[in-house]
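Participant: Only the shape, not the letters, is given here:
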């Protein structure tokens, strides 16, 4: 019989994010969303009492110092997002050198650099990632997110793990535009997308 | 209710899961605690016996839809006033006998 | 009535004035009849302008009722708004903004509003007094369900809910601010301005569609110019302030702990159909550092005979209709008042050309200034007087007036009554704050408001405009300062002095006819007397007995009068008699708004596996399992019944090879030097001895000794385990592990994280599963390389890293193969492709269930939170050599008692008779009683292998009675079936197939 092959990987929102304009058609889109595909993700949890050593090792190996508060620190396409006490999510952008051999390359590299200091787990396939922007993005997010995203309360680099429309999410602010990156467990991508489409519809939603 | 997570800041109570009394302590003598033994009674108390003070109380909550840290919330259960929210792991490590046990090991 | 040169076509529309757009006419209908109104009208003002006085029938006696108020406190003017799927019952006409094409229908009448047969209830009034349903319908009890309840419900209904699903959208949202100002009247505007000027983030919410509060309804002057100009300037400044959000048509209905407030914004209730993509209503959670409550005050009716006749209205409402809407509520008015405030009403009426026929003042010695002012209007002034009767049924013809000196009957068609004003303090008591009686004010003032809230203006008892402006400005600034902002004190705007002097009168002289206290629930002063006489001494008890204050208006106009009447009956003061507190919501909130986006298919989020689309293509029928959607079975062409599909899937697995998506099982990655120690404490068994590359079945107990969860855990490395949990408990087990690591044993150096979503996993089961896998996996999968319970990393086509576990739930040679979720769908398709010539087919939960029952594996029916390891025959899995969660409590004598129901298998003697889970085991010949109950069936399935219905159950002494026949008695389905007890394993008990 023929050689068995695997078809290409599918991102979490692949079947949901239909490119183009949705909801209100008049005027510029109030909310712009783009699926971030090909991110490499890994959970990094400090071994007991080794958080400081972990931070130093991370800085030495990757040039990124993990924050001890809900912040995202980044350098050259590699970010470390605080996600709990002693716990971070490492995020490598698509095409980052560490992911040359596949998304799990990030976890391998972290495991190597942080041996004995942290437990590292590949999560590249566990989340769907969206980049959200547009003049009404805060108004749309307020329909599910109870977080205060006012510029006085949440700034570029700030990160949060919270609940949005009854779904666990992790998000951080990318820039002051404002632009937000938001991660959701892959299985919830459909429910989350339906909520986002409904919530952004009155402002006009552009899917890129 | 709004709870100020020591890690994440103030959040609505929908992000938290409630467990209960933070003043009880799990005994560590399971081997000796056979029915009838005094150690067994201590286990019964740990699992079932709870004070229900109309006032200040220490309770375990988890920031389950956030950073997932377990927390010790000290609050007045009549007025809902919250006096402090501590990281449970830090509070647990500060408990006397465990400190002593760690030091000994 | 004086008419100007351009008379309005509407009989009761004043020739000029009002905040309505007279240049635009809009049409609406009430009870099918078409009327005209203007933008700026409410349904109530437009009905009055058209001379429609009769708007509803009362709840119990079906008495004709007209509008009492002009605001949210309205008890009478409840209508069904809109039609069809958008029909909304019990809508207060006084707050329903008029729009072109509005349809409203009166409710609680049959066959028509004017001729209501149910008004015969009035004749039965003697038996419908307070507590009548406790007394009258007591006996015989059998009639309650069939006769009394339906009868009462038909007679005493309110509006009808729509019968079709609501086609509109609703949503929920959160907004944060430093200062929340509730109410957009003078106090609220002043507070918002003061707070906004500090740079604080301010939310100003008002339930009306126009800001201004009382300034819309009264001729007032601020800073020497018309008050509305001041309000317009304030509004413009707030609109321009970058950190201010104004929410119109938004009712803050509840105060919650720690600065959270609930509000409902009626985004599109003022149009027939919301614009595309916009919600009808939006439920807000406001999170505020500080709150200034400036909700104003509600006027109290006076309690006198006939006070519910259409045309008896609150004096403040009468002037609101005149000043704001340009509507005369009548042509000849009598004012009945306990205070000076109604003078504004009299002046407003006179200015509009309405005759003020008399001023009846309940006070013995009203102020001379008031008497003079009234006489200037040409109205006779009757101090120490009362209205003792109202003549007319559906409208007023005349009233009887009595003073100590004389008695007279005066023709009129309008009574403007004022019993004083009660601060709208509801939000101050939502968290338990008790209102405090203020004798000088003649009203309850807010007690201690919740932390972070201050109360301004009339809501605090400061009834004059001056006080509103002064306290609003001061408290707005204080609130901003408390939230960390700086600002300078500014003098308040200037308002004229006015008199808010008022006395209290809880009950006028009794006379002919009912005197109502609670209009909406038809509670009279006589009902309160009865309650008092029958011993309902606490206000709360009297309320419940008479149902006073328990209608949809929550007693806004009746609560204080009721306390006053009870105080009078007992000869006590108000403070000793008590008070009532309020609970959210302040006014009714629709279920639509509370549900928001989460209804229908979006009722709660659902979780889909990576291969969901593939399963759907294969004909899967999905079921919710926890929050996941899982395939129950896959329908093939020609299959008409799920049992057919299920039986085919079982045959495929038993005879060839099947594929089942098991990605939903919880997967927890546990690493660290103490990972093994942690697992030893979580599981009843020992995992520190598990070799790397092997998996083991684990059983977890709760600390109380009952079984919590089970699953297979593999050791991937010396310090690395992968735990699996049941689908339903994945979240709970994760919390349990975090609890153990953070609180119970923080000294352990182990780290746990969920990888459920990272891995898509498929069971590949059946005698040909190895053949299939050999075509997909690069590594050797022979029995030697991958023995039973092996766990190892494998390479999937294209070099993708996968995981392979040789575990079996079906009892066949079986594996679970995992791939990163992005490849989940690809792997499912590859497995199907690889197994095509082997006869592969997907199987679902039902087939899985049949096979696990045949093997006697426990699952949801047995892991029900009430069973112990011993009950399930798993005692051998419980270590006696170590501490683990649940060890001690599981030894409790009652949990090891020999007669606890224990796991047993059963088989139906008659293969044609079905047995279902839930049936109870009874001995043959025993009566179906609690004493004879032996246990129950936990799982049942049709087994082709066994040739009949088989299953598992929990039965007293079950394992000792194997071979005996008992009955499976199923009262729900009306079955009583003999079953033979057997060991809980029907298939390959030696396990040769799964090890082969």
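Facilitator: Okay, I see it. All values reported here derive from a predicted model rather than from experimental measurement. Numbers count the residues shown, from 1 in each chain, chains lettered A, B, ... in the order given.

Participant: for chain C, longest helix please?
Facilitator: Ranked by number of residues, the top helix in chain C under DSSP state H is helix C:465-482.

Participant: wait, chain B
Facilitator: Longest among the helix segments of chain B by residue count, using DSSP H, is helix B:38-48.

Participant: Check which helix or strand the spatially most central residue of chain A maps to.
Facilitator: For chain A, residue A:183 is the residue whose C-alpha lies nearest the centre (CA atoms, centre = their mean; 4.2 Å). Assigned by DSSP states H and E, residue A:183 belongs to strand A:179-185.

Participant: Model confidence score at residue 33, please.
Facilitator: In the absence of a named chain, this looks at chain A. Looking at residue A:33, its pLDDT stands at 98.

Participant: Please refer instead to chain B.
Facilitator: Note on residue B:33: pLDDT of 93.

Participant: Secondary structure class of it, three-state.
Facilitator: Put simply, residue B:33 is coil when judged by DSSP: H, G, I helix; E, B strand; the rest coil.

Participant: ok, it - how many residues close by?
Facilitator: By other CB atoms under 10 Å in any protein chain shown, the residues close to residue B:33 number 23. Quick note: C-beta positions are derived from backbone N, CA and C, even for glycine.

Participant: Which neighbouring elements make contact with the strand holding residue A:183?
Facilitator: Counting contacts by 3 or more CB pairs under 8 Å, 6 or more residues apart in numbering or on different chains; DSSP states H and E, strand A:179-185 packs against strand A:127-133, helix A:137-141, strand A:167-175.

Participant: Next SSE downstream of that strand?
Facilitator: The helix or strand immediately downstream of strand A:179-185 is helix A:189-200, counting by DSSP H and E.

Participant: what's that following helix packed up against?
Facilitator: strand A:31-35, strand A:127-133, helix A:137-141, strand A:167-175.

Participant: Isn't residue C:433 up against residue C:451?
Facilitator: No: contact criterion CB atoms under 8 Å: residue C:433 and residue C:451 do not qualify, at 10.2 Å.

Participant: These two: which is more packed in?
Facilitator: Neighbour tally, residue C:433 and residue C:451, criterion other CB under 10 Å: the higher count belongs to residue C:433, 19 against 14.

Participant: just to revisit the earlier point, do you know which of the helices and strands packed on helix A:189-200 lies nearest residue C:333?
Facilitator: Closest approach to residue C:333 among the helices and strands packed on helix A:189-200 is made by helix A:137-141 (48.2 Å; CB to CB).

Participant: how big is the angle separating the helix or strand following the closest one from helix A:189-200?
Facilitator: Remark: after helix A:137-141, the chain's next helix or strand is strand A:159-164, criterion DSSP H and E. If you take axes from the mean of the first three to the mean of the last three CA atoms, to 10 degrees, strand A:159-164 sits at 90 degrees to helix A:189-200.

Participant: does strand A:159-164 come close to chain C?
Facilitator: No: Strand A:159-164 lies out of reach of chain C by CB under 8 Å from any CB of the partner chain, never closer than 10.0 Å.

Participant: What parts of the stretch 551-700 of chain C come near chain A?
Facilitator: Within reach of chain A by CB under 8 Å from any CB, the stretch 551-700 of chain C has these residues: C:596-598, C:602, C:604-610, C:613, C:628, C:669, C:671-673.

Participant: just checking, which of those residues belong to strands?
Facilitator: C:628, C:669, C:671 (DSSP state E).

Participant: So residue B:16 versus residue C:103, what's the distance?
Facilitator: With distances taken as CB to CB, to the nearest Å, residue B:16 is found 46 Å from residue C:103.

Participant: How about residue A:90?
Facilitator: Going from residue A:90 to residue C:103 by CB to CB gives 60 Å.

Participant: re earlier: and of the ones in strands among the residues of the stretch 551-700 of chain C next to chain A, the nearest to chain B?
Facilitator: Taking CB to the nearest CB as the measure, chain B lies nearest residue C:669 of these, at 14.4 Å.

Participant: Single out the residue in the stretch 201-350 of chain C that lies closest to chain A.
Facilitator: Residue of the stretch 201-350 of chain C nearest chain A, by CB to the nearest CB: residue C:277 (4.0 Å).

Participant: Tell me where the model's unsure across the chain.
Facilitator: The chain I'm using is chain A. For chain A, residues meeting the criterion pLDDT under 70 lie at A:1-2.

Participant: look at chain B instead
Facilitator: Counting by pLDDT under 70, the ranges of chain B that qualify are B:97-105.

Participant: What parts of it come near chain A?
Facilitator: Counting by CB under 8 Å from any CB, chain B sits next to chain A at B:7-9, B:11-12, B:14-15, B:65-69, B:87, B:89.

Participant: filter these to the buried ones?
Facilitator: Neighbour-count burial (16 or more other CB atoms under 10 Å in any protein chain shown) applied to these gives B:7-9, B:11-12, B:15, B:65-69, B:87, B:89.

Participant: follow-up on the earlier one: filter the residues of the stretch 551-700 of chain C next to chain A down to the buried ones and express that as a ChimeraX selection.
Facilitator: A single ChimeraX command selects the buried members of those (16+ other CB under 10 Å):
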select /C:596,597,598,602,605,606,607,608,609,610,613,628,669,671,672
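
Participant: Among the residues of the stretch 551-700 of chain C next to chain A, name the ones in helices.
Facilitator: Here DSSP H is the test, and those give residue C:613 as lying in helices.

Participant: Okay then, goodbye and thanks.
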